[in-house]
Structures are given as C-alpha cells and as structure tokens.
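Asks: Here's a sequence, model it:
(one chain, ligands or ions: 2)
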Amino acid sequence: MNTACVILAAGLGKRMNSNLPKVLHKVCGIPMIQSVIETARQLKGGKIVVVTGKHDDLIKKALASPDISYALQKEPKGTAHALMCARQELRNFQGTLIVLNGDAPLLRAETIKKFLKMHLKNKNAVSVLSFNAENPDDYGRIVRDASGHILSIVEQKDADAMQKKINEVNSGVYAINHNSLSLLDKIKINKNKGEYYLTDIVAAALENELKTSAYCIGAEDEFMGVNTREELYRASMFMKKKLIEKWADKGVTFLDMDSVFMHAGVTIGKDSTVYPNVYLEGRTKIGRGTTIYPNVRIQDSEIGNNVVIKDSTVIEGSTIKNRATVGPFARIRPGSEIGAEARIGNFVELKKAVIGNASKASHLSYLGDTRIGQGVNIGAGTITCNYDGKKKSMTVIEEGVFIGSDSQLVAPVTIGRGAFIGAGSTITKNVPPFALAVSRVEQKTIKGWAKKRQAIINTETKDKGKGKKGSHAK
Ligand code: UD1
Ligand code: CA
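Replies: Ligands and ions are numbered 1, 2, ... in the order given. Next comes the predicted model:
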C-alpha cells in the first residue's frame, strides 16, 4: 500500500511562551519534530512532507534532512489549512495519507501501522486515531452516536457541557485517502477561533456519505500533544521513564531510576551501574561493566568497558577506553582521549588531551592540547601552558616520562621518552629522551634564622610597650 506522511508543524505554539518554535523544543534531547519524523520514517512509506510556517528557516536548519519535503503555510490559519498547503507537494500522490502533529513526540510507529491496517481493512475514506485522556481539556472530543459511530470532533472551546465530559479524544493522527483530500475544500472557518480545523474533515466526510471511523488504540502517554512547558515536562518524563526501563531490561543497574536523565541517543552496555543524579546526553555510548557514580554529566562521549567514572565529573565530546578511572571532580573537555587503564584523578582538567594507556594524572592538573604517551606519570599541580594570549600550542610527552609535581610545561614543547622533570620546574625547551630537566632555583638554607627573627620581634614589642607607658604617665 502506498503511503505518504504530512507532519503539521506551522503553528505558532504561543502557549509555550518561547522564542524557539514549539516543535524544536526537545524531549530527551531530541527536538519534538525530529522524533515525529523518525516515527514517519519507520513507516517506510513514500514522501514525508513537513508543513512549516513563520520559523521555517529555523526548522529546516535544525532538521537538515534531505529526505524531507517542505510546504510553507504563510499564516497559521489552522490545521486544515496547514494540510491544504501540503497539497502541492502531494499532487501526484495516490494512496493513504497519514497526518501527524509535530508536537506529539511520543508516538510509536507500531501504533500507526496498526491504525493504518484498520483504516485499510475497513476501506474508510477518513480515519482518526483516538485515545482516552485522563484530563481531556486540551484535546478535541470524539463525539459518537448511540451505536458508537463517530459523528464529529469537537474542540474544548466549542464543546457543550455533555461533550466536555467525553474522555475519548483526538490524537491528531489521521489516515486520509488521496481522493478524499478534496474534503478539505468543504471545511468552513471555525468562528470561535478564526481557523480551519482539520477535525472538521470527519463531519465533512459523513455529509458526503464517506466511510469514517475513529479507532481508540494505544495509551495516553504515547499520544500526548505538547502545548505548554508543563506538558513538555510531562512528555519528557514519560520518554525518560521508557528509556531507562528499556536499558534496565537490557541489563543496566540504576540505583535510582527517577533521578537519572538520559537522551534517546544514549546506549549503555550490560552490567553497567548508574548511580543517582547522572545525566547522559547526546550520542553517548557506555560500554559493559562500567560504573558511573553520582552527579556525573556525560555528553556525546564514548566510554569503554569496565570504566569507573567517580563522583561529580563532567565529560564532553571525549573517548575513555577500557578499565580507565576518571574523577572524582574531573573535567574532560571535548577532543580528549583517555587510554586503557589510565587514571585521571580529582581536580584534573583535560582539553584536547590524548592520554596514553596506563598513564596517570591523579591530582590538580590542567592538560590542554597535549599528547601523552603510555605509562607517563603527571605529578600533582602540573600545568601545560598551551596559550600565549594569541595562539594555542602543543605539548608532547612521550612514553614513560615522569613529570614532578607543580611543573609548568610551556608549549610548544616536547619531553622525550623516559625523561624526568624535577618538581617545581618551568620547562620552556625540549627535553631529550632519558634526561633530567630541573629549572627551579637552588635551595638556600640559613641555620638558626627563625630563632634570630623571633629575638628581633621580641625586642621590638618590648620597646613599643615602654613608649605607651610613657604617654600614660603624662
Ligand atoms: C489539535 C486538534 C485536537 C487534537 C490535538 C491533539 C485541531 C483543531 N485540533 O489541537 O483535536 O486533540 O491537536 O494533540 O486540529 N499547526 C499548523 N498550522 C496551524 C495550526 C497548527 O501547522 O495553522 C500545527 C501545529 O504546529 C501542531 C499541530 O498542527 O504541530 C496541532 O496544532 P495545535 O495548535 O497544537 O492544536 P491543538 O490545540 O493541540
Ligand atoms: Ca497540540
């Protein structure tokens, strides 16, 4: 069966009170419209047309998908008008048109497939996917006759007291035969809102004696439309819960499912453990048997197997290989790579730093624009001076190097294989392999100095005391 999909996304989304178009607001890290497009793709039908309006440039830029066609609705004159605007894009289309709302990101392709089957089996001209809402206030009500056939869809604003009590509502998903699209021309403007309502296609079909049904399938948490920030939050919570349950099913332990946030693009391997208050964002991939302790945020990073990420660590755009340990309180900035079995400890910041296997930077360091070989020891307080105020330069530390604590490595500089840097050094020149470089001033020791100093202080205080007594006597 030939299908095409139209996604309505031209509304102003006024109730969001936002500068960003509503459909670009994110649910679990993905713009709502992107989730709807993903669902449409899974239907493996033909064309996908997105109807955009005022913010069409922003939406096109955010989606950047070559397989999508766009239709422009210059003014938001309602959902029926939006679909009309897509007609030009569908001029040669024959088959079943599926209409989706761009603000319903939780919809699953399986449910639409089920709905489509019912539509085709019943040979309907128009079908509506409905669900039972706990609070139906924001949705169009499905009005049925005594025998259960749909008569119309009535929006909250137009509903009478009896209709307001109906819990069965319109999901905004429709299946329409291509030759019934002309029904759109019969839809009259809604006087209450001054818009052309797509919901009125049901009544229009019945007037023309065309077969129409509403199918009440699926659960509310799949269909919810997002119109307000509160609904955005609820949709996010629904999606988040589903994601976490999915990964728990696949063998991940969550110590507190409620406090973990994860984006839809994140994957986690078997037997990994996630502590409370962890944020896993973007395209993050976590391997098997890895432990992530509390208050960690990981974005767009690849974490290997049996890695330990200790408390309060931030990792962005980086790779961490098997059995490495990072944190607590580490900051791994984009472009870093931490080798297998390496250890990055507390208060260490990395930026575009490649750390070799089994190398260690255990305390208080800044390592930026750095390539560090295997088995290197970076002492506490080591800093790469990578920026001269104008440009950034590289520090290369070859395998087996020992950097003494509190050293500064002024880039560009290379420390050769197996070399030692004495603690407290400022290194400005390359150090050859297996050399020792020390740049600190030689230590001076003055015996008995402290006692002499105390003696001077004592006489000074005595003299001052005498002066004061003198003035009192006057
Ligand atoms: C709509 C339905 C309602 C249904 C609900 C499901 C109508 C009149 N009402 O209500 O029956 O229960 O969805 O969530 O259709 N849009 C345009 N152009 C416009 C207006 C809207 O493209 O001129 C798009 C919006 O961007 C949005 C979708 O259509 O993605 C739905 O519009 P919205 O204003 O959110 O409709 P609801 O009031 O939620
Ligand atoms: Ca809506």
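Asks: count of neighbours near the residue in the stretch 351-474 of the chain positioned nearest to ligand 2?
Replies: Using Cβ to the ion, the closest approach of the stretch 351-474 of the chain to ligand 2 is made by Lys351 at 42.8 Å. Heads up, the C-betas are built off the backbone N, CA and C, glycines and all. For Lys351, the count of nearby residues is 20 (other Cβ atoms under 10 Å).
Asks: If it is in a bridge, with which residues?
Replies: Beta-bridge partners for Lys351, by DSSP bridges, are Gly368.
Asks: any idea how far it lies from ligand 1?
Replies: Using Cβ to the nearest ligand atom, to the nearest Å, we find Lys351 at a distance of 41 Å from ligand 1.
Asks: Then Val50?
Replies: Relative to ligand 1, and taking Cβ to the nearest ligand atom, Val50 is found at 9 Å.
Asks: just Ile298 next, same as before
Replies: Ile298 sits 32 Å away from ligand 1, going by Cβ to the nearest ligand atom.
Asks: and that residue, bridged to which residues?
Replies: Applying DSSP bridges, one finds that Ile298 bridges with Leu280, Ile315.
Asks: Hmm, Ile309 and it touching each other?
Replies: Yes - the criterion here is Cβ atoms under 8 Å, and Ile298 meets it with Ile309 at 7.3 Å.
Asks: Which secondary structure state is assigned to Ala340?
Replies: Recorded secondary structure, Ala340: coil (DSSP: H, G, I helix; E, B strand; the rest coil).
Asks: rewinding a little: joint contacts of Ile298 and Ile309?
Replies: Shared contacts of Ile298 and Ile309 (Cβ atoms under 8 Å, 6 or more residues apart in numbering): Ile292, Ile315.
Asks: who touches the longest helix anywhere in the chain?
Replies: Across the chain, the longest stretch assigned as helix under DSSP state H is helix 449-473. Around helix 449-473, nothing counts as a contact under Cβ under 8 Å, 6+ apart.
Asks: any idea how far the residue of the stretch 351-474 of the chain closest to ligand 2 is from Tyr366?
Replies: 8 Å (Cβ to Cβ, to the nearest Å).
Asks: One more: Phe329?
Replies: Applying Cβ to Cβ to Phe329 and Tyr366 gives a distance of 14 Å.
Asks: do the same with Ser272
Replies: 29 Å.
Asks: Neighbour count for the two, which is higher?
Replies: Ser272 (23 against 20).
Asks: The residue nearest to that one when sequence neighbours are not counted - how many residues pack around it?
Replies: Leaving aside its chain neighbours, Ser272 sits nearest to Thr290 (4.5 Å; criterion: Cβ to Cβ, 6 or more residues apart in numbering). Counted with other Cβ under 10 Å, the neighbours of Thr290 add up to 24.
Asks: repeat for Pro294
Replies: Neighbour tally, Pro294, other Cβ under 10 Å: 16.
Asks: Just list the residues touching it, thanks.
Replies: Residues in contact with Pro294 (Cβ under 8 Å, 6+ apart) are Tyr275, Pro276, Asn277, Val278, Asp311, Ser312.
Asks: near ligand 1, which residues of the stretch 151-300 of the chain?
Replies: Ile153, Glu155, Val169, Asn170, Ser171, Gly172, Tyr197, Leu198, Thr199, Gly225, Asn227 (Cβ under 6 Å from any ligand atom).
Asks: Flag whichever of those residues scores worst on pLDDT.
Replies: Across these, the bottom pLDDT score, 92, is held by Gly225.
Asks: so how many other residues sit close to that one?
Replies: 20.
Asks: And the strands in the stretch 351-474 of the chain?
Replies: 360-372, 377-378, 383-385, 395-397, 402-403, 408-410, 413-415, 420-421, 426-427, 436-437 (DSSP state E, counting those that start in this stretch).
Asks: what's the answer for the stretch 101-250 of the chain, then?
Replies: Here the stretch 101-250 of the chain has its strands, by DSSP E, counting those that start in this stretch, at 126-132, 141-144, 150-154, 168-177, 189-190, 195-196, 212-216.
Asks: Just send the ones you listed back as TSV, with mean neighbour count and distance to ligand 2 too.
Replies: Below are the strands of the stretch 101-250 of the chain laid out as TSV (neighbours: other Cβ atoms under 10 Å; distance: least, Cβ to the ion, whole Å):
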stretch	mean neighbour count	distance to ligand 2
strand 126-132	25	14
strand 141-144	21	15
strand 150-154	20	13
strand 168-177	24	7
strand 189-190	16	15
strand 195-196	18	13
strand 212-216	20	18
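Asks: Same list (the ones you listed) but as CSV, adding distance to Gly339.
Replies: As requested, the strands of the stretch 101-250 of the chain are exported to CSV (distance: least, Cβ to Cβ, whole Å):
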stretch, distance to Gly339
strand 126-132, 51
strand 141-144, 60
strand 150-154, 60
strand 168-177, 50
strand 189-190, 64
strand 195-196, 60
strand 212-216, 56
